[in-house]
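> Show me the folded form of this:
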Amino acid sequence: MTIRRDDLDYEKLTVEMRRLALEAGDKIMEIYNSDEFEVKTKSDDSPVTAADEAADALISQGLRTAFPDVMLVTEEQADTHGETADTFLIVDPLDGTKEFVHRRGDFTVNIAFVEHGVPTRGVVYAPAKGRMFFTLADGSSVEEVGALDKQVMGAISPIRVSAADNAALMVVASKSHRDQATDDYIGKYAVKDMKSAGSSLKFCLVATGEADIYPRVGRTMEWDTAAGHAVLNGAGGKVVRFDDHSTLKYGKDGYANPFFIAYAPSVALKDA
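Residues are numbered from 1 along each chain as shown. Predicted coordinates for the structure are as follows:
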């Protein structure tokens, strides 16, 4: 079902996405801090834990209650992967399960709203790091600091992409998925420093200006990227296809992404 823009209350969406991300983060951290947890393997050989499943149940129930007329796609519910629309909610309840399993802390809760193929609203919450990024009702992006109370929004700071120095770029790349193709592409730029980060935090580092560019030459799904993409959009950034630099679109068949580049528009992009 496709809904019109004016049918959705963006204030309510911000409140609900933020609250559900924080509640899911609590569930995830309970399991993360327990003595042990079971790791199962999904059909695509990716790991899944009780934390993924508990966070997914909480978020999907909350979104379906709050926005019953909006299609919901979530990584952990395969029956949602065959549905299509150009406007929908999309969730990765625990992005960076490998980081979670190895207790590295770089995992995130991701909730996004896609309109006409574009992620316009989203939240990325890294519970082990206490970092929370989201879009406000007007579409601009902020980082919330402090206690992260579920009911009351705390102090927020507007975030904005960098004014990049193309002679000395800050690059962020994947911790778990670095390969030669990625390094070859990064080698086309004048790089001052490299950071590595897990999960959708890479988008947020570009959104805050902590990095200038994040190239991804590897498989991702739309639920991996939509929330980070929304936060980056709201901070003035862009995400484009690696091959032709056209805007990365959502609602694709099967929800698989092509390779992409997330960046501050001041970066002079190199060809693939």
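
> wait, what's in contact with residue 272?
Taking CB atoms under 8 Å, 6 or more residues apart in numbering, we find residue 272 in contact with 185, 242-243, 259. C-betas here are computed from N, CA, C, even on glycine.

> Which helix or strand lies directly C-terminal to the host helix or strand of residue 124?
Per DSSP states H and E: residue 124 is located in strand 118-126. Using DSSP H and E, the next helix or strand after strand 118-126 towards the C-terminus is strand 131-135.

> sorry, back to before: now the strand holding residue 124: how far from the chain's centre is it?
6 Å (CA atoms, centre = their mean, to the nearest Å).

> Now do the residue nearest to residue 113 when sequence neighbours are not counted against residue 66, distance only.
Spatial nearest neighbour of residue 113, chain neighbours left out: residue 121 (4.2 Å); criterion: CB to CB, 6 or more residues apart in numbering. Distance, residue 121 to residue 66, by CB to CB, to the nearest Å: 13 Å.

> ok, the two, which is more surrounded?
residue 121 (27 against 17; other CB atoms under 10 Å).

> In the stretch 101-250 of the chain, where is pLDDT below threshold?
Applying pLDDT under 70 to the stretch 101-250 of the chain flags the ranges 175-177.

> for it, what spans make up the strands?
With DSSP state E, counting those that start in this stretch, the ranges of strands along the stretch 101-250 of the chain come out as 108-115, 118-126, 131-135, 141-145, 155-158, 169-174, 191-197, 213-216, 220-221, 238-241.

> for residue 122, what are its contacts?
With CB under 8 Å, 6+ apart, residue 122 has these contacts: 17, 110-113, 134-135, 226-231.

> Need the residues touching each of residue 121 and residue 66.
Common neighbours of residue 121 and residue 66 (CB under 8 Å, 6+ apart) do not exist.

> Widest-spaced pair of the contacts of residue 122?
17 and 229 (14.4 Å; CB to CB).

> Surely residue 249 is in contact with residue 117?
Yes - in terms of CB atoms under 8 Å, residue 249 counts as a neighbour of residue 117; the distance is 4.3 Å.

> hang on, the earlier thing: who does the strand holding residue 124 pair up with?
Sheet pairing for strand 118-126, assigned by DSSP bridges, gives strand 108-115 (antiparallel), strand 131-135 (antiparallel).

> now the angle from the shortest one to strand 141-145?
In other words, strand 131-135. Interaxial angle of strand 131-135 relative to strand 141-145 (axes from the mean of the first three to the mean of the last three CA atoms, to 10 degrees): 150 degrees.

> For strand 131-135, C-alpha coordinates in CSV please.
The C-alpha trace of strand 131-135 is given here as CSV (Å, rounded to 0.1, in the frame of the first residue of the first chain):
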residue,chain,number,x,y,z
ARG,A,131,25.6,7.3,20.3
MET,A,132,22.2,8.2,18.9
PHE,A,133,21.6,9.8,15.5
PHE,A,134,18.2,10.6,14.0
THR,A,135,16.2,12.9,11.8
